[in-house]
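Visitor: Curious how this folds, go ahead:
(chains A and B)
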Amino acid sequence: MAKSDDCVHILQGLLVFGNVVIGLCGIALTAECIYFVSNPHGLYPVLKASENDIYAAAWIGIFVGLALFALSILGIIGVIKASRTLLLVYIILMLITFAFEMASCITAATHRDSLTPSAFLKEMLERYQKSEPANNSDNEFTKTWDELMLQNHCCGVLGPSDWQEYTSAFRDTHNDADYPWPRKCCVLDAQGLPVSLDGCKLGVPGYYNSNGCYDAISGPVNTHAWGVAWFGFAILCWTFCVLLGTMFYWSGIEY
Amino acid sequence: LSLPTPPARLPYVPHVPPMALLGKVTATTFALERPRCVFDGHADASDAVWLAVAFANGEHSLLRQGTWGPSPQPLSCHLCRAASATFRNPRSRADVPPYKQLPTSRSYMTLETAAAEYSCSAPSPPVLRVGSDTACRDQGRQDPCNGPLPSPGPYRVKFLLMGCRGPKAETRWSEPILLRRAVSPGTIDPVPAHRGSDVVVITSILASLGAVLATAVLGALGAKVWGSLCHHDLGTDAFTRRSYRTHHIPPALPQPLPPGCRCSPPGLCRSV
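Guide: Sure thing, here's the model as predicted:
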């Protein structure tokens, strides 16, 4: 009797500890997803453009995190009181939350995969400096790219030769002789004018930015994807163990 | 009236600069290395150096027919369709083919510069850019116009030293220069080449975890339902809650279990 009592107490203690961890992780997940959704790097117009919305996973993550926190409290109460009803409710709601978080992780990982350099390149060539923007999002897109190229001292997705190898919306309005690539690709002085316009047009090293912006984009995107997909995955693994333990405990509670 | 002396043929070959410049050949412009010290000894102070640009297409069949001598030359003029082979040096500045006539006469001359700028002692940028002046194309001025080239070419160029009485010296023709041709972005395939391993790992592990959980829940519920059916003679209220804390209650006689029903899970089923 005493031994099984001890076993039960240990199981209760473990379940309470497991639920505490779930609650804390839920809050962390919510905070992290709110941070991503708030667009800290100003990349949202660029990422939103490529038809997959990587922010869907983050939005789901916000609500799943809050649900995990609430359910962990319910679970702690149910375990301490050894209540079959509470624990049954807890298990069922946790399964639903598990399913949502699973969707969020898989979505984040899949969308991260689809953000290839080619996808960005195609989007940029078709929308940057589009002369008759169909809607406001094209203006936003151009402004975001200009900011991106200015702040990171980069040009295009893979390099300035993107503008030479492919025709583009930019090329439709800017002739090749004066603008082999956008002015933002030139090294600019304090007033925002190119240091040497001829040097920039010729491609003299030191007067233009020769690296592509893909690294500057993929850095934050990878962090985002890791944060949502893999952190969510870790939470789910832990939740799996806690749920199994709770079900074991639940089935042992007598009427 | 004496025939004008033919211009001196200088051995210099114009070429695209060898240094790494990303914009040395674009879709409508190209750069040339500035010829230094080439015209010293032939040029007076008043002479001008022009750049002759001509289409180079139509030469391949000529070169394949065999060559003799150190460099391939067209065998005979009735075979040559290349504008660079049929280019005739203008006899005076008035005869210089202008930029506007490039589509029809398939050659033009531009970049009129004083010969002093190409001398050994002149400090100057190391490259010349052909096609950089878009204003003269748009305004249609009659001056020598260094306008952008209308098609990818290929082109051959040579420098021509023009004096007051006609051409005095010329360099050799360059190798054909082919400009860039841009393709449409519709040819870019944005689909990733292969599914990343991240997705496969996450999906497979999460799917199996979810399946295990679902099975466990169904199993536990099913066992509970089956257990409550077997124990229906206990007649207890299903929502009465009991804790595991044991109190000092004299043990009651255990109820006889109907045959075939077993307590499950074993070990945790006790009657108090």
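Visitor: which residue does the stretch 101-250 of chain A bring closest to chain B?
Guide: When scored by CB to the nearest CB, the stretch 101-250 of chain A has A:Gly203 as its residue closest to chain B, at 3.0 Å. From N, CA and C alone the C-beta is placed, and that goes for glycine too.
Visitor: Test my guess that that residue contacts A:Trp163.
Guide: No: counting by CB atoms under 8 Å, A:Gly203 stays clear of A:Trp163, with 11.4 Å between them.
Visitor: which residues do those two both contact?
Guide: Common contacts of A:Gly203 and A:Trp163 (CB atoms under 8 Å, 6 or more residues apart in numbering or on different chains): A:Pro180.
Visitor: ok, these two, which is more surrounded?
Guide: A:Trp163 (26 against 23; other CB atoms under 10 Å in any protein chain shown).
Visitor: so which strand or helix has residue 219?
Guide: Reading this off chain A. Assigned by DSSP states H and E, A:Gly219 falls within helix A:214-225.
Visitor: try chain B instead
Guide: Using DSSP H and E, B:Gly219 falls in helix B:197-230.
Visitor: Flag every buried residue along the helix holding A:Gly219.
Guide: By neighbour count on 16 or more other CB atoms under 10 Å in any protein chain shown, the buried set for helix A:214-225 is A:214, A:216-218, A:220-221, A:224-225.
Visitor: ok so, going back, can you pull the pLDDT of the residue of the stretch 101-250 of chain A closest to chain B?
Guide: On pLDDT, A:Gly203 comes in at 89.
Visitor: I'd like to know how far it sits from A:Leu95.
Guide: 59 Å (CB to CB, to the nearest Å).
Visitor: Kindly report the same for B:Cys145.
Guide: 76 Å.
Visitor: One more: B:Val191?
Guide: From B:Val191 to A:Leu95 the distance is 34 Å (CB to CB).
Visitor: Name the nearest residue to the residue nearest the centre of chain A, ignoring sequence neighbours.
Guide: Geometric centre of chain A, nearest residue: A:His224, 3.3 Å, by CA atoms, centre = their mean. Nearest residue to A:His224, sequence neighbours excluded (CB to CB, 6 or more residues apart in numbering or on different chains): A:Phe36, at 5.1 Å.
Visitor: How about the secondary structure of B:Pro90?
Guide: At B:Pro90 the chain is in coil, as set by DSSP: H, G, I helix; E, B strand; the rest coil.
Visitor: Disregarding residues adjacent in the polypeptide, which is nearest to it?
Guide: Excluding its sequence neighbours, the residue lying closest to B:Pro90 (CB to CB, 6+ apart) is B:Val96, at 4.9 Å.
Visitor: repeat for A:Leu244
Guide: A:Leu244 sits nearest to B:Ala216 (CB to CB, 6+ apart), 6.2 Å away.
Visitor: So B:Leu111: helix, strand or coil?
Guide: Applying three-state DSSP: B:Leu111 is strand.
Visitor: you'd agree it is up against B:Leu51?
Guide: Yes: between B:Leu111 and B:Leu51 there is a contact under CB under 8 Å: 4.2 Å.
Visitor: any shared contact partners between those two?
Guide: In contact with both B:Leu111 and B:Leu51: B:128, B:130, using CB under 8 Å, 6+ apart.
Visitor: which residues sit in contact with the residue nearest to the centre of chain A?
Guide: A:36, A:54, A:58, A:108, A:112.
Visitor: Work out for me the element the first one sits within.
Guide: Read that as A:Phe36. Counting by DSSP H and E, A:Phe36 is part of helix A:2-37.
Visitor: and that helix, average pLDDT?
Guide: The model assigns helix A:2-37 a mean pLDDT of 90.
Visitor: Show me what whichever helix or strand comes after that helix is in contact with.
Guide: Toward the C-terminal end, the helix or strand that comes next after helix A:2-37 (DSSP H and E) is helix A:44-49. Applying CB under 8 Å, 6+ apart, the contact partners of helix A:44-49 are A:54-55, A:115, A:120, A:123, A:127, A:137, A:140-141, A:143-145, A:148, A:217, A:221.
Visitor: Repeat that for stretch A:193-209.
Guide: By CB under 8 Å, 6+ apart, the residues outside stretch A:193-209 that reach it are A:149, A:153-155, A:160, A:178, A:180-181, A:183, A:185-189, A:210, B:20-24, B:31, B:125, B:127, B:129, B:132.
Visitor: just the buried members of those residues?
Guide: A:149, A:153-155, A:160, A:178, A:180-181, A:183, A:185-186, A:188, A:210, B:21-24, B:31, B:127, B:129, B:132.
Visitor: In helices, which of those residues fall?
Guide: A:Met149 (DSSP state H).
Visitor: Same question for stretch A:72-82: list its buried residues.
Guide: Taking 16+ other CB under 10 Å as the criterion, stretch A:72-82 shows A:72, A:74-76, A:78-79, A:82 as buried.
Visitor: do that stretch and chain B meet?
Guide: Yes: if you take CB under 8 Å from any CB of the partner chain as the test, stretch A:72-82 does meet chain B, through A:81-82.
Visitor: how about the CA coordinates for that stretch, as CSV?
Guide: Presented in CSV, the C-alpha positions along stretch A:72-82 are these (Å, rounded to 0.1, in the frame of the first residue of the first chain):
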residue,chain,number,x,y,z
SER,A,72,-1.4,23.1,-18.0
ILE,A,73,-3.1,24.9,-15.1
LEU,A,74,-6.1,22.7,-15.6
GLY,A,75,-3.9,19.7,-15.7
ILE,A,76,-2.1,20.6,-12.4
ILE,A,77,-5.5,21.0,-10.7
GLY,A,78,-6.8,17.8,-12.1
VAL,A,79,-3.8,15.8,-11.0
ILE,A,80,-3.7,17.1,-7.5
LYS,A,81,-7.4,16.6,-7.0
ALA,A,82,-7.2,13.2,-8.9
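Visitor: and for it, what are the contacting residues?
Guide: By CB under 8 Å, 6+ apart, stretch A:72-82 touches A:12, A:15-16, A:19-20, A:22-23, A:26, A:83, A:86-87, A:89-90, A:93-94, A:242, A:246, A:249, A:253, B:241-244.
Visitor: can you list the domain ranges for chain A.
Guide: A:1-115+A:223-252, A:117-213 (the TED database).
Visitor: Could I get the contacting residues of A:Thr142?
Guide: Applying CB under 8 Å, 6+ apart, the residues contacting A:Thr142 are A:127-130.
Visitor: cutoff 10 Å now
Guide: A:45, A:124, A:127-130, A:133, A:169-170, A:182 (CB atoms under 10 Å, 6 or more residues apart in numbering or on different chains).
Visitor: least confident pick among these?
Guide: Looking across the contacts of A:Thr142, the weakest pLDDT belongs to A:Pro133, with 66.
Visitor: re the thing from before, more crowded one of B:Val191 and A:Leu95?
Guide: Taking neighbours as other CB under 10 Å, B:Val191 and A:Leu95 compare with A:Leu95 leading, 16 against 9.
Visitor: list the buried ones in the helix or strand where the more buried one lies?
Guide: A:Leu95 is located in helix A:84-114, with elements delineated by DSSP H and E. Burial within helix A:84-114, assessed by neighbour count using 16+ other CB under 10 Å, is assigned to A:84, A:86-88, A:90-91, A:94-95, A:97-98, A:101-113.
Visitor: Brilliant, that's me finished.
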